[in-house]
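Peer 1: Predicted structure and sequence below. I'll ask about it afterward.
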Amino acid sequence: MAAVGVTAIAVLAGVLERPQLLVGFVICALLFIPLEQFVPLVRRPSRGDWLVDVVHSFANRLPITIVAVLTLNLIAPALHAAVPPALRDYVLSRPGWVQFVVLVLLADLANYAGHRALHEIPLLWRLHSVHHSSTSLDWLSTSRGHPLDQIINLVVTVVPVYAIGFDLKFSAAFLVFQFYFPFLAHANTRITLRPLSAVFVTPAFHHWHHADEPAAVNRNYGAVLSIWDWLFRTAHLPRTMPTRYGIGRELPADWIGQLAAPFRGR
């Protein structure tokens, strides 16, 4: 019962800290539940572990916000100093749309690098494996993740944003888009958008990132753009869709158990 109480408090704290997340969650539910019901990739009954992913959606928010903000405030002066003033002035003097394109490219490349590290460095993989533990992929699977994993991902992604000092409205627009875009990439839908995979991370592209198959290990790291995977030769896009997902082992079914899993022996 204590674990249930802690979980409930964490969810409530997340909702109160960022109530707009609840609105975004409801909008996503209204979009993706019908999509997955009427045009599913795999027709199946509701999976039994869906509630833990709802908990992740809110309970992780407060620790992520606190630690990420503190970390970025500590390193922001060093990041800002690392960029030559002439380069910063040149970028920030460009038209708004050019600045936004540069921001997207830099932040998405940083995310690619951070995501790749989370897979290829064993200690970090222990954290990131929580996100990959879903054996049935759908829009709710997007939210499952260890807070430390999500903090690393967020901080690394916004490093170039802080370093250059992009306009807040451009930074906020990208971060909101990058937060919600993966719900589509994880969705259980036959609308896989495969032709767009040359540039964007589509369901066809990202489902293979979650596949429990040898050929798919450490592939398809992109978050929004797939171009980095094609450029650095980590792309994997067969003509078919995966049939198995997960990490080859089960994690605890509850939120606290999943948070503790990376620190336990296998």
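Peer 2: That came through, no problem.

Peer 1: burial of P147, as a residue count?
Peer 2: 21 (other Cβ atoms under 10 Å). All C-beta spots, glycine's among them, are computed from the backbone N, C-alpha and C.

Peer 1: hang on, it packs against L62?
Peer 2: No: when contacts are counted by Cβ atoms under 8 Å, P147 is not listed as touching L62 (9.0 Å).

Peer 1: Any regions of the stretch 1-150 of the chain where pLDDT drops low?
Peer 2: Filtered on pLDDT under 70, the stretch 1-150 of the chain yields the residue ranges 1-2.

Peer 1: again, only using 80
Peer 2: 1-4, 17 (pLDDT under 80).

Peer 1: Next one: P45 from D138, what distance?
Peer 2: The spacing between P45 and D138, counted by Cβ to Cβ, to the nearest Å, is 12 Å.

Peer 1: So the two - more neighbours on which side?
Peer 2: D138 (24 against 5).

Peer 1: neighbours of the residue lying closest to the more buried one once chain neighbours are set aside, just the number please.
Peer 2: Nearest residue to D138 in three dimensions, chain neighbours excluded: N188, at 4.1 Å (Cβ to Cβ, 6 or more residues apart in numbering). By other Cβ under 10 Å, the residues close to N188 number 23.

Peer 1: And for A110, the neighbour number?
Peer 2: By other Cβ under 10 Å, 20 other residues sit near A110.

Peer 1: Only alpha carbons, please: show whichever helix or strand L124 is part of as CSV.
Peer 2: Using DSSP states H and E, L124 falls within helix 122-128. The C-alpha coordinates for helix 122-128 follow below in CSV (Å, rounded to 0.1, in the frame of the first residue of the first chain):
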residue,chain,number,x,y,z
PRO,A,122,26.2,-0.4,-20.6
LEU,A,123,25.6,1.7,-17.5
LEU,A,124,23.3,4.1,-19.4
TRP,A,125,21.5,1.2,-21.2
ARG,A,126,20.4,-0.1,-17.8
LEU,A,127,18.4,3.1,-17.4
HIS,A,128,17.2,3.3,-21.0
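
Peer 1: Which residues are in contact with the most far-flung residue of the chain relative to its centre?
Peer 2: Relative to the C-alpha centroid of the chain, counting by Cα atoms, centre = their mean, A86 is the outermost residue, at 33.0 Å. Residues counted as contacts of A86 (Cβ atoms under 8 Å, 6 or more residues apart in numbering): none.
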